[in-house]
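*Asks:* Turn this into a structure:
(chains A and B)
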2 protein chains.
Amino acid sequence: MRFVYFFGNGFAEGNGSMKDILGGKGAGLAEMALAKIPVPHGFTISAEVCDYYYKNNKTYPPSLKEEVEYNLKRLETTTGKKFGDKQNPLLVSVRSGAKISMPGMMDTILNLGLNDETVIALAKSTNNERFALDSYRRFIQMFGDVALGIDKELFEDKIKEIKKKEKRKFDHEISIEGLRWLIDEYKKIYSAQNKSFPQEPYRQLWIAIDAVFNSWMNKRAIDYRRINKIKESDLLGTAVSVVSMVFGNMGDDSGTGVAFTRDPSTGEKRRFGEFLVNAQGEDVVAGIRTPYPLDYLKQISQEAYDELLKIFDILESHYKDMQDVEFTVERKKLYMLQTRSAKRTAKAAVKVAKDMVEEGLITKQEALSRVSTDQIDQLLHPYFDEKAKAQAKLIAKGLGASPGAACGKVVFSAQKAEEIGSKESVILVRHETSAEDVAGMAASSGILTAQGGRTSHAAVVARGMGKSAVVGCEDIVIDYNNLQFSTNGTVVKEFDTISIDGSTGEVFLGEIKTLIPTGLDKDLAQILQWADEVSKLYVRANADTPQDAKVALEFGAKGIGLCRTEHMFFAPDRINIVREMIVAKDTQSRQKALDKLLPMQKEDFKALFKTMQGLEVTIRLIDPPLHEFLPQTDDAIQEVAKSLNISVDELKSTVKSLHEFNPMLGHRGCRLTITYPEIAIMQTKAIILAALELKAEGIECFPEIMIPLVGIDEELKYLKNIIKQTVDDLMKQSNILLKYLVGTMIEIPRACAVADQIAKEADFFSFGTNDLTQMTFGFSRDDAGKFLFDYLAKGILKEDPFKTIDTQGVGALMKIAVEKGKNANKNLRLGICGEHGGDPESIEFVHSIGLDYVSCSPYRVPVARLACAQAAINRKAEKD
Amino acid sequence: MRFVYFFGNGFAEGNGSMKDILGGKGAGLAEMALAKIPVPHGFTISAEVCDYYYKNNKTYPPSLKEEVEYNLKRLETTTGKKFGDKQNPLLVSVRSGAKISMPGMMDTILNLGLNDETVIALAKSTNNERFALDSYRRFIQMFGDVALGIDKELFEDKIKEIKKKEKRKFDHEISIEGLRWLIDEYKKIYSAQNKSFPQEPYRQLWIAIDAVFNSWMNKRAIDYRRINKIKESDLLGTAVSVVSMVFGNMGDDSGTGVAFTRDPSTGEKRRFGEFLVNAQGEDVVAGIRTPYPLDYLKQISQEAYDELLKIFDILESHYKDMQDVEFTVERKKLYMLQTRSAKRTAKAAVKVAKDMVEEGLITKQEALSRVSTDQIDQLLHPYFDEKAKAQAKLIAKGLGASPGAACGKVVFSAQKAEEIGSKESVILVRHETSAEDVAGMAASSGILTAQGGRTSHAAVVARGMGKSAVVGCEDIVIDYNNLQFSTNGTVVKEFDTISIDGSTGEVFLGEIKTLIPTGLDKDLAQILQWADEVSKLYVRANADTPQDAKVALEFGAKGIGLCRTEHMFFAPDRINIVREMIVAKDTQSRQKALDKLLPMQKEDFKALFKTMQGLEVTIRLIDPPLHEFLPQTDDAIQEVAKSLNISVDELKSTVKSLHEFNPMLGHRGCRLTITYPEIAIMQTKAIILAALELKAEGIECFPEIMIPLVGIDEELKYLKNIIKQTVDDLMKQSNILLKYLVGTMIEIPRACAVADQIAKEADFFSFGTNDLTQMTFGFSRDDAGKFLFDYLAKGILKEDPFKTIDTQGVGALMKIAVEKGKNANKNLRLGICGEHGGDPESIEFVHSIGLDYVSCSPYRVPVARLACAQAAINRKAEKD
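*Replies:* Got it, this is the predicted structure:
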């Protein structure tokens, strides 16, 4: 079995399709080599070795040593340099890289091969002692940190010390003597830790390889995979690429850069990148120095710049996707170090996908797979109210690195962000972020850094997470010790509230009102139109008001799947009438209250139907238990009793009689309207009269009356008869015919078991997966918090079933319901209106069992539209 | 199509197998005629006519009139009498009778054919004017009451009036003049109601036939069918038998009687019956006069008596069942009027069934079908504590007509009994009962009547219902007006409490402690042994204590199917330790409390295992939410806080933090032990140590550890691992091997859907159908009262799903669970331990889906054993 793959100089043993075993980096280098793009020579150790390493108690396959040494010899031959040579030493980088990019999560070591002797040779052969010493001290520092676990702050403190002594601002300004001093001090740091710096290059190499494989299972990498839902079982591990060094820190004719083939923030087709002169790669990513724009490369070498642009085109047409590359210019010569699919903002993802279809690079279906539902969700993120923003106090401005508006309390450590971020909104403020901060960033609403550019760690990770981020905000001076930062005279302390705008880079004091976007931009509208073309499911919205309905329409909803009528009952002008109805002692006085409600509900429905002209509108009859409408505290009872003109004792006794031990399983839903059919009659009248009056005005309506909480076919039959009778009477009176449906929620486990019986009485089923999940699991959503967290932590549940449909349990019942229902009633319409209706994984499931539509909150409609398309594409792919 | 069937004189067109269309009475008369048993001649109009009558707007098939008239002619021919004849008039009775006996529920009219002219002829031809007049006034009264709906009290008032005037005690003592006066007065009653008595016999006949068919749908008949669960769809309706009259009221050489071929109270093989001299049939049944014992017939005619006994033997060997017959002696000549399977007490049913097997009359399986599970239940009815009874005040003694002890508040009307009988125990006290009182009797705990014998309405109905009854208690004088009765100087008012003993006929003042029977009598033990032989299911008991376990064993339980360990936690010496455990702030202090509980629980289990030597004992780990163990009121909290030595605020905050919105769906069952595995460990230790210590003493135990509320396979896996580990450690320490099982309740709908996954981890499933029903329906048992009553009343549910398994919904899920479970684990043991485990209909269902055992409360064990056998017999019959 082969474990090592060589590449370089137009030749490679691997290729771009071998990401599984070569990792993204190794595959990219091999592919670029094959495409005759200049890359440094090197070889990649397969990720299969990582798999072996963990399965065999951290040992390697026996043949590995020989293979690595053989390829190192090849590398010496092709580069003409020799490992540990005192004249012309071969230096290498040892780089991690898994199938799926996990930027910055695993370890990389540069300049390996340097020691007290080769550093002299390097100085001589490059005629650049400063460069050689700088490379050496970098290597000692990195090796200590990464391979031996020495706290990197110890090294940084020494850099600060020498810069202070020499009065320098930047690292690359440190003198040769300073570097020598640093190297000595670094070695002392090793000794103080009872460690020694290995002088032997082969030992360096194997320790470095160990370190990279070990980094596969470090906390940050595990966190990253968890947060990004990367399944370990899908990956073999990390590969290790050993690449001959090229140096961006050889002087002012050298440098290193990161670039994107399109703008990763907006998706616009313009090159975008950053370049640091006389620096090595990690200086860019770490965000320590604020870099120049990419164009600056021209000033070093127009040739190298032109070549880079040419390579961009080659890469894009080769990979058919926007690329994110790393490159180094060594004495004006360009080397590509890495290429990969670029991380991008949601906005960019949409624009790039759409543009590439128009450019003929990809198909519409490919475009739909290029945009994730999470990204669509981000596009619907809040933004600041312009008026409020205009009045807010702007205290600083940095680079807008990840769009979206965020407000929150300032915290200065990732740990603090993790602690309180789940309870309240926080903004994480750091000089810079690093891989250790990932979990804290995930817990924050936004990130603000004082240093770094748009390709810094903070920027890249925030964009990936869809968090607002402002980076490189040099206006702010952070004082970690006193937990505060100051900027232009303003001091902001821990837990003070700030607002940041990740699009503009602005930082404001205090909280600014945020707004939710309405409507879709042109690019997204186009993508979603393509989505609708391939979807089998269509998307409705859960909307109770004309305002909600309008938003839903703007987002492309094809109707309303759930209008909760009781929400109308809580309006201040109605709640007391509802209470009158509840405390009524007999049908007659209950009817009196209902008669007052009827015209109000009718007007509600008229407004809703008018907004939704002609589209289907599903209206659910009253659902919650009656006690939810009554006051519960003594004070409130007193007040309400007075306004209802009844005694406090009487109201108290009603409240008491309506008390339930398990309201979730109590007197609500259709059970209420079976006890009090007059409520169903009033609501039916309001719905149908609204529709008839509009129809008389020439406005089409299509009401669907939905009966909640049905578990027994006779419940539906009983209420349907009452409704039909009511509707028939109204149609006769008005002499207008109206199309309407009567259907039911499927939210009781029993309803699934007897769906055939129910389907005979129903025009449609709408799965209420919130309640269905509660009852199928026997979990009260209000109470499950006590153990659900523990269940997820102990792996008893893989996912929160209230977020994503539990396909094995709840889903199995849904499948039974669909099959039985369709068998009994071929014309049965099937939908879902629980919160899962907006969850992409759940949408894929309901696609697979053959529902007709999903209904979700208006702001989830675009997400659901894309999810419906992706479900159709994925399922088709599975079948093909 | 034929609608009328003639019988008489050793000839019949129908036979005993035609109950469907001839009704029990018609079929019995035909069968007796064929067996050459003396019956009066007559003919039966098929129940198909009743069916036609109701389906055709109360009209008859066109051919019916002709057919009836033709058969009337045949009757005239065979009797030599003529309808309406002025010399020798034919008189007939018009009798109801359905396939299933509904004693007294429908109408019968005697002496039809009498009018102002034929009454003179009857007087002449019988040479008995008194008899003729008495028959005539009876007919006018009965016809008025039954056919024309005139209040019978109006007639009775007149009888009282004449008896007072003539100073007579009994009806048959009224003088000829008195009878003439009565007939005149009766006719005036008709006129006062704007009705007239029809003189024309054919008109009389058709009105009577109408009346009988109409009585099929009267309130009492409908109530009776509902109470006795007789499905209308199983019946065509009532047949109408028109039978030539024979007269028990022709003088002192005539009479009428009712008899049983065995004792209907005890089942002993001795003739049993009652006889009234010079009376017609309704006088016996109505309980107006207290009759003589059957033997009295000898004094009238030894020949008739001997013939009757011979007929008894013929009937029993013919019908292979104990018979209940009506007969009349007309001038010493015996006529059988009816024979049917006799109603009997539970005790008698068991004894008769067992005896008949031993007599070779029936098979064991037939015997098992002859006893109903309701009857077994009655045999386990309470009886009085002898000591308490000896001290109680005996206030009266009547006939013990239906065994069992009952205490309750006195009410004097069936209506009042219906009103309050569902809320508290009542004893219905009446002069006599009649068909109108059936619903009130059903609502009472016991019945006490001042008049009537052991075959009176009250006695027959009470025995059928399994209610205690004392009848013919002539000591008591009832004053309906003042709602009280007096007896030997004691006055008992409405709502005073009395106790009655339906076995001895004793009536006591106040409440007497009642006891529940233990063990089985010889006859029942034999029947249940036969039951066990044919059953596929076996029966365990739900028992928490050695006392319960002992009762269960005595009743034949084969093990314990559910021991609820938390019941042990409520003991006064433990509850505070449990509370200590709950308020514990960390694992360590929780462990301290658990360490105190361990030896206590161990002793509990030792005692239980000892009682159940060697039989399987299923022990459920802690199930209820923790808040159930904490005090809820302020006072109680204060007290408990003091005894736990913590502050009131601390305890209050614990109580508050444990509050749940829907405790049914909250933190309980295995969710608790997953959060606090140390509780599961303590309980496992207690169980296993108990078993190991007993085993060391040579006592075998077979513990089965049951984990409640599992809905996810990983829950079971997690706890099973902990339990196995604990058990392994204990076995290693003690060096004793122990057989034990680990299984789960199936009580969450999801568990049914993923039963295959769960079965892989489980040795057994025990269906917890209480919770499964709650969650499958989404009904909280504590709250469903608000609508369940309405659901049953409106026919939305046919049965209370908490009493009998809802086979269509809950049952469908159980079936899925059984199939999936068995597929995944062939050795999976299957049982049920919800309350349905003792319900015969539910047992039939669980038999059909292939469970191995049922577990029910100890007192239901005998019922369950019979139900298991009947399920096997019924299912076998279905297949054959």
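*Asks:* From now on I want contacts and neighbour counts done on CA atoms only, so please keep to that.
*Replies:* Will do.
*Asks:* so A:Ser274 sits in a helix?
*Replies:* Not Ser; residue A:274 is Glu. No: read with DSSP: H, G, I helix; E, B strand; the rest coil, A:Glu274 is strand and lies in no helix.
*Asks:* give me the number of residues near it?
*Replies:* Neighbours of A:Glu274 under the rule other Cα atoms under 10 Å in any protein chain shown: 23.
*Asks:* Okay, and the beta partners of it?
*Replies:* On the basis of DSSP bridges, A:Glu274 is bridged to A:Val258, A:Pro293.
*Asks:* A:Ile707 too?
*Replies:* A:Thr744.
*Asks:* same thing with A:Glu616?
*Replies:* A:Gly559, A:Phe702.
*Asks:* show me what contacts it?
*Replies:* A:Lys558, A:Gly559, A:Ile560, A:Gly561, A:Cys701, A:Phe702, A:Pro703, A:Glu704 (Cα atoms under 8 Å, 6 or more residues apart in numbering or on different chains).
*Asks:* tell me the contacts of the second one?
*Replies:* So the one you mean is A:Gly559. A:Gly559 touches A:Val539, A:Arg540, A:Ala541, A:Leu553, A:Met612, A:Leu615, A:Glu616, A:Val617, counting by Cα under 8 Å, 6+ apart.
*Asks:* Same question for A:Lys820.
*Replies:* A:Val754, A:Ala755, A:Asp756.
*Asks:* Return, as residue ranges, the portions of the stretch 651-800 of chain A with sub-threshold pLDDT.
*Replies:* Under the criterion pLDDT under 70, no range of the stretch 651-800 of chain A is flagged.
*Asks:* Next one: the residue in it positioned nearest to chain B from B:Trp216, what distance?
*Replies:* Among the residues of the stretch 651-800 of chain A, A:Asn662 lies nearest to chain B; the distance is 4.3 Å by Cα to the nearest Cα. To B:Trp216, A:Asn662 is 44 Å away according to Cα to Cα, to the nearest Å.
*Asks:* Dump the contacts of A:Glu616 into a markdown table; add distance to B:His431 as well.
*Replies:* Shown next, in a markdown table, are those (distance: Cα to Cα, whole Å):
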| residue | distance to B:His431 |
| --- | --- |
| A:Lys558 | 74 |
| A:Gly559 | 70 |
| A:Ile560 | 68 |
| A:Gly561 | 65 |
| A:Cys701 | 68 |
| A:Phe702 | 66 |
| A:Pro703 | 63 |
| A:Glu704 | 61 |
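*Asks:* Of these, which is the most crowded?
*Replies:* Most surrounded of those: other Cα under 10 Å gives A:Ile560, at 32 neighbours.
*Asks:* got a list of what that one touches?
*Replies:* A:Arg540, A:Ala541, A:Asn542, A:Ala543, A:Ala549, A:Leu615, A:Glu616, A:Val617, A:Thr618, A:Ser855.
*Asks:* Repeat that for A:Glu418.
*Replies:* With Cα under 8 Å, 6+ apart, A:Glu418 has these contacts: A:Ala439, A:Gly440, A:Met441, A:Ala443, A:Ser444.
*Asks:* residues near A:Glu173, how many?
*Replies:* With other Cα under 10 Å as criterion, A:Glu173 counts 13.
*Asks:* Let me fix that, I meant to ask about A:His667.
*Replies:* Counted with other Cα under 10 Å, A:His667 comes out at 28.
*Asks:* isn't it right up against A:Glu628?
*Replies:* No: using Cα atoms under 8 Å, A:His667 makes no contact with A:Glu628, being 11.4 Å away.
*Asks:* just to revisit the earlier point, can you redo the contacts of A:Gly559 as CSV with pLDDT?
*Replies:* Below are the contacts of A:Gly559 laid out as CSV (pLDDT from 0 to 100):
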residue, pLDDT
A:Val539, 98
A:Arg540, 97
A:Ala541, 95
A:Leu553, 95
A:Met612, 95
A:Leu615, 96
A:Glu616, 96
A:Val617, 98
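*Asks:* May I ask which of those residues has the most neighbours?
*Replies:* Result: A:Arg540 is most packed of the contacts of A:Gly559 (other Cα under 10 Å), 35 neighbours.
*Asks:* Could you pull up the residues touching that one?
*Replies:* With Cα under 8 Å, 6+ apart, A:Arg540 has these contacts: A:Ala552, A:Ala557, A:Lys558, A:Gly559, A:Ile560, A:Gly561, A:Tyr853, A:Val854, A:Ser855, A:Cys856, A:Val861.
*Asks:* just to revisit the earlier point, which of the contacts of A:Lys820 are close to chain B?
*Replies:* Among those, the residues within reach of chain B (Cα under 8 Å from any Cα of the partner chain) are A:Val754.
*Asks:* between the contacts of A:Lys820, which is nearest B:Glu566?
*Replies:* B:Glu566 has its nearest neighbour among the contacts of A:Lys820 in A:Val754, at 35.5 Å by Cα to Cα.
*Asks:* burial count for the closest one?
*Replies:* 21.
*Asks:* My read is that A:Leu828 contacts A:Glu761, right?
*Replies:* No: in this structure, A:Leu828 is not within contact of A:Glu761 by Cα under 8 Å, at 9.9 Å.
*Asks:* the more surrounded of these two?
*Replies:* When neighbours are counted by other Cα under 10 Å, A:Leu828 and A:Glu761 differ, and A:Glu761 comes out ahead with 23 against 20.
*Asks:* Now the more buried one: closest residue in space, sequence neighbours ignored.
*Replies:* Nearest residue to A:Glu761 in three dimensions, chain neighbours excluded: A:Lys717, at 6.2 Å (Cα to Cα, 6 or more residues apart in numbering or on different chains).
*Asks:* Kindly report the same for A:Glu67.
*Replies:* Distances taken as Cα to Cα, 6+ apart place A:Val4 nearest to A:Glu67, at 6.6 Å, with adjacent residues excluded.
*Asks:* for the residue of the stretch 651-800 of chain A closest to chain B, what are its contacts?
*Replies:* B:Phe661, B:Asn662, B:Pro663, B:Met664, B:Ser780, B:Asp782, B:Asp783.
*Asks:* who's in contact with the helix or strand hosting A:Ala388?
*Replies:* A:Ala388 is part of helix A:386-391, with elements assigned from DSSP states H and E. Residues outside helix A:386-391 that contact it (Cα under 8 Å, 6+ apart): A:Ile512, A:Lys513.
*Asks:* Tell me the helix or strand right after that helix.
*Replies:* strand A:393-397.
*Asks:* So which bits of the stretch 301-450 of chain A are right by chain B?
*Replies:* Residues of the stretch 301-450 of chain A lying near chain B (Cα under 8 Å from any Cα): none found.
*Asks:* Count the neighbours of A:Ile527 for me.
*Replies:* 24.
*Asks:* How about the one 3 residues further on?
*Replies:* Neighbourhood size, A:Trp530 [other Cα under 10 Å]: 19.
*Asks:* Just the pLDDT at it, thanks.
*Replies:* At A:Trp530, the model reports a pLDDT of 97.
*Asks:* how far away is it from B:Ala541?
*Replies:* 64 Å.
*Asks:* Would you list the phi and psi of the closest residue to A:Leu64 other than its chain neighbours?
*Replies:* Nearest residue to A:Leu64 in three dimensions, chain neighbours excluded: A:Phe3, at 6.8 Å (Cα to Cα, 6+ apart). When read as degrees, to the nearest 10, the backbone of A:Phe3 gives phi -120, psi -10.
*Asks:* same thing with A:Leu630?
*Replies:* Torsion angles, degrees, to the nearest 10, at A:Leu630: phi -100, psi 150.
*Asks:* Next up, the contacts around A:Gly561.
*Replies:* A:540-543, A:616-619, A:831-833, A:854-856.
*Asks:* next one: A:Thr290
*Replies:* Per Cα under 8 Å, 6+ apart, neighbours of A:Thr290: A:Val284, A:Gln451, A:Gly452, A:Gly453, A:Gly472.
*Asks:* Ranking by neighbours, what's the top pick from those?
*Replies:* A:Gly453 (32 neighbours).
*Asks:* my read: that residue touches A:Ala469, true?
*Replies:* No: applying Cα under 8 Å as the test, A:Gly453 and A:Ala469 come out as separate, 11.1 Å apart.
*Asks:* Now the common contact residues for the two.
*Replies:* A:Ala401, A:Ala459.
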